[in-house]
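Participant: Mind looking at a prediction? Sequence and model below.
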Amino acid sequence: MANPAVEMERIGAASGKGGDAELGDYLQLLKPRVMSLSIFTAFAGMAAAPHPPHPVVAFAALLCVAVGAGASGALNMWWDADIDAHMDRTRRRPIPAGRVQAEEARSLGLVLAVLSVAMLAVFANPLAAGLLAFTIFFYVVIYSMWLKRATPQNIVIGGAAGALPPMVGWAVSTGSVSVESLLMFLLIFLWTPPHFWALALWRRPDYAAAGVPMMPVTAGEPHTRRLIWIYALLLAAASLALAFSEVGGPLSLAAALLLNARFLIDSRRVARRSTADSEADRYAAEKRLFGFSLIYLFAIFALLPIEAALRSVWGWPTIGALI
């Protein structure tokens, strides 16, 4: 496969752009919003484990996760520079805007990737480091270089990369993989398609212009809307399973019931939309679902460390103990 970033390097060189980058541009390469989600879910996995690590180890491990997520973001922006240049949402990113050369982003990403994995192996254990390395590889190679341009299932399969951080955090604490960490993985994996397709529905022209085979572009809006509803149902089941696991509890169960009720209502509204509706009316539901999906994931994972702390201090019960 030819490297699509080559075109952007050629354009940048021809236009005389590049070399005017500021610190903020390099920080933008690291995708700080995606990084913050990785840190947060990794922390939740770490804190929910039966025996959380020493605070110094936990801080160092989270720093490694942050650096690894930043490496993935920089390498993704390097490879996707040609796509980003054609999309209104991304054309002002540092590489397509010409403020950073593609090869700079590639070098930064590779250095950070190696550093994050090596340091996590030192601070934590080989399993956690291996999972972080696999996360970076999956996001950059499997998703960015292959799936994103090849199949409308790109975000479904590629969502595994974003679902791995809580497993990394759990491995930092326990040196193992468990049913609980797999359920955390599954929850994010099933959350990703409805979250991202809600965005893709109202950004469909961008993806079509860039030639990215997102589901709304290749299969159409009605099919994508039905899939959002199906994944919302699967997501509800996964969140309830997590609430009934050893890391869940009464708070997680209550939150799962309330949050999934809202998520299902919003998803159903999206599924029932028609191409006959006005564009403003049609995409209001998608934007509402996209915004709430972020609250949903934050709330579910925020409660896991809280329940773990309550169990540690007051013997807070799991749902299994109550029934």
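Facilitator: Thanks, I have it. Note that the structure is a prediction, hence the values are computed from the model and not measured.

Participant: Can you spell out the domain ranges of this structure, please?
Facilitator: Using automatic domain parsing, the domain parsing of the chain gives 25-176, 178-323.

Participant: Let me have those in TSV, extended by mean neighbour count and mean pLDDT.
Facilitator: The C-beta positions use only the backbone N, C-alpha and C, and glycine is treated the same way. Listed next are the domains of the chain as TSV, based on neighbours: other C-beta atoms under 10 Å; pLDDT from 0 to 100:
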stretch	mean neighbour count	mean pLDDT
domain 25-176	21	96
domain 178-323	18	92
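
Participant: Taking the centroid of this protein, which residue is nearest it?
Facilitator: G162 (3.6 Å; C-alpha atoms, centre = their mean).

Participant: mind checking how far that one is from S38?
Facilitator: According to C-beta to C-beta, to the nearest Å, G162 stands 7 Å off from S38.

Participant: Next up, the contacts around the residue nearest to S176 when sequence neighbours are not counted.
Facilitator: Distances taken as C-beta to C-beta, 6 or more residues apart in numbering place L127 nearest to S176, at 7.0 Å, with adjacent residues excluded. Contacts were defined as C-beta atoms under 8 Å, 6 or more residues apart in numbering; by that measure L127 touches A171, G175, S176, V177.

Participant: Just these: which are in helices?
Facilitator: A171 (DSSP state H).

Participant: can you tell me which two in the contacts of L127 are farthest apart?
Facilitator: G175 and V177 (9.4 Å; C-beta to C-beta).

Participant: picking up where we left off before, measure how far the helix or strand hosting the residue nearest to the centre of the chain is from the centre of its chain, please.
Facilitator: In the assignment (DSSP states H and E), G162 maps to helix 154-163. Remark: helix 154-163 is offset 8 Å from the chain centroid, using C-alpha atoms, centre = their mean, to the nearest Å.

Participant: which residues touch it?
Facilitator: With contact meaning C-beta under 8 Å, 6+ apart, helix 154-163 is reached by 34, 37-38, 72, 135, 138-139, 142-143, 147-148, 151, 184-189, 192-193, 196-197, 200, 212-215.

Participant: Dump the helix or strand hosting the residue nearest to S176 to PDB, restricted to CA.
Facilitator: If you go by DSSP H and E, L127 is part of helix 126-137. The C-alpha coordinates for helix 126-137 follow below in PDB (Å, rounded to 0.1, in the frame of the first residue of the first chain):
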ATOM      1  CA  PRO A 126       5.400  -7.400  30.400                       C
ATOM      2  CA  LEU A 127       1.700  -8.200  29.900                       C
ATOM      3  CA  ALA A 128       0.600  -4.500  30.400                       C
ATOM      4  CA  ALA A 129       3.400  -3.400  28.000                       C
ATOM      5  CA  GLY A 130       2.400  -6.000  25.500                       C
ATOM      6  CA  LEU A 131      -1.200  -4.900  25.600                       C
ATOM      7  CA  LEU A 132      -0.100  -1.300  25.100                       C
ATOM      8  CA  ALA A 133       2.100  -2.300  22.200                       C
ATOM      9  CA  PHE A 134      -0.800  -4.200  20.600                       C
ATOM     10  CA  THR A 135      -3.100  -1.200  21.100                       C
ATOM     11  CA  ILE A 136      -0.800   1.100  19.200                       C
ATOM     12  CA  PHE A 137      -0.200  -1.500  16.500                       C
END
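
Participant: And the contacts of whichever helix or strand comes after that helix?
Facilitator: Proceeding N to C from helix 126-137, the next assigned helix or strand is helix 148-150, under DSSP H and E. Where contact means C-beta under 8 Å, 6+ apart, the residues beyond helix 148-150 that reach it are D80, I83, N154, G158, G211, V212, P213.
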